[in-house]
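Trainee: Take a look and give me a structure for this.
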Amino acid sequence: MVKTGYPVILRLEGKSVVVAGGGKVAERKVVGLLGTGAEVVVISPDATDEIQRLSHEGRIIWKQKTFSASDIANAFLIFAATNSREINQSIQESAGTHQLVTIADDPDGSNFHVPAHVQRGSLSIAISTGGASPTLASQIRDQLEQQFDVSYEGYLDFLASKRKWILKEVANPTLKRELLKSIVSPEFLTSDHREEDFIRLYEACCKETHNSN
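Mentor: This next block holds a predicted model:
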């Protein structure tokens, strides 16, 4: 029986995340962590211009030093992304059993992987082939980026706002279900006047519910 990974979305706000390494691989990990609310700490004697810029802006912490076990003592997530396999393995060995570690040059030795993903505001779509073909995962991501374009960012904001309002303000369970179902439609996705369309929908559904009673 093939053992598969278990997909999750982690809330990293306030968590310490350590990225060991200062090259392009480490930079990609750091950039991917921006916006999560995590405290991102880079451990490396040298770093790319982008990592240095982010450090100067106060968006991450860069400790200009070689790795030591104490650097990951309080880390929730650990990215071993140095250009030394020996150091990466040392990072894994220094980690506690409660810590999540991914090793750039040893996927099989990692206990978590970062999938290819598409992010459109609150919409997050992850793609993983279980390590079978990162290239295929990237191709699928490219396809999904075209299918789920930037219009979904505003659409998700609209859905979140209206769902919150419906759950708070609409008492009738039938009306509530109808509204929640109706706003998830191509018409609202492509509309340039979602608020006005929602008002019309709400009035129509209220009238229909009233007549059915």
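Trainee: List the contacts of the residue nearest to I91 when sequence neighbours are not counted.
Mentor: Setting aside the residues directly before and after it, I91 is nearest to A80 in space (Cβ to Cβ, 6 or more residues apart in numbering), at 4.1 Å. Where C-beta positions appear, they are placed from N, C-alpha and C, glycine not excepted. Residues in contact with A80 (Cβ atoms under 8 Å, 6 or more residues apart in numbering) are A20, G21, I87, N88, I91, Q92, V101, T102, I103, A104.
Trainee: So I60 sits against L54, correct?
Mentor: Yes: with contact defined as Cβ atoms under 8 Å, I60 counts as touching L54 (4.7 Å).
Trainee: Quickly list what the residue nearest to I91 is bridged to.
Mentor: Here A80 sits in beta bridges with A20, I103, going by DSSP bridges.
Trainee: roughly how far apart are it and H98?
Mentor: 17 Å (Cβ to Cβ, to the nearest Å).
Trainee: Repeat that for V42.
Mentor: From V42 to H98 the distance is 22 Å (Cβ to Cβ).
Trainee: ok, H113 - how many residues close by?
Mentor: If you count neighbours by other Cβ atoms under 10 Å, H113 ends up with 13.
Trainee: which secondary structure element contains it?
Mentor: Mapping H113 onto the secondary structure by DSSP states H and E places it in no helix or strand at all.
Trainee: Now it. Nearest residue, chain neighbours left out?
Mentor: T102 is the one closest to H113 (Cβ to Cβ, 6+ apart), at 6.1 Å.
Trainee: Just give me the neighbour total for that neighbour.
Mentor: Neighbour tally, T102, other Cβ under 10 Å: 20.
Trainee: ok, now which ones touch it?
Mentor: L77, I78, F79, A80, S110, N111, F112, H113, V114.
Trainee: Make a ChimeraX selection of the buried ones in those.
Mentor: Isolation of the buried members of the contacts of T102 (16 or more other Cβ atoms under 10 Å) is achieved in ChimeraX through the command below:
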select :77,78,79,80,110
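Trainee: Could I get the contacts of T102 in JSON lines, plus columns for distance to R11 and pLDDT?
Mentor: Listed next are the contacts of T102 as JSON lines, based on distance: Cβ to Cβ, whole Å; pLDDT from 0 to 100:
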{"residue": "L77", "distance to R11": "12", "pLDDT": "97"}
{"residue": "I78", "distance to R11": "17", "pLDDT": "98"}
{"residue": "F79", "distance to R11": "18", "pLDDT": "97"}
{"residue": "A80", "distance to R11": "22", "pLDDT": "97"}
{"residue": "S110", "distance to R11": "21", "pLDDT": "91"}
{"residue": "N111", "distance to R11": "18", "pLDDT": "91"}
{"residue": "F112", "distance to R11": "15", "pLDDT": "91"}
{"residue": "H113", "distance to R11": "18", "pLDDT": "89"}
{"residue": "V114", "distance to R11": "16", "pLDDT": "89"}
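Trainee: Just the CA atoms of stretch 139-147, as CSV, please.
Mentor: The C-alpha trace of stretch 139-147 is given here as CSV (Å, rounded to 0.1, in the frame of the first residue of the first chain):
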residue,chain,number,x,y,z
GLN,A,139,2.7,22.4,-15.3
ILE,A,140,-0.5,21.8,-13.5
ARG,A,141,0.0,25.0,-11.4
ASP,A,142,0.5,27.0,-14.6
GLN,A,143,-2.8,25.6,-16.0
LEU,A,144,-4.6,26.5,-12.7
GLU,A,145,-3.1,30.0,-12.7
GLN,A,146,-4.8,30.6,-16.1
GLN,A,147,-8.1,29.0,-15.0
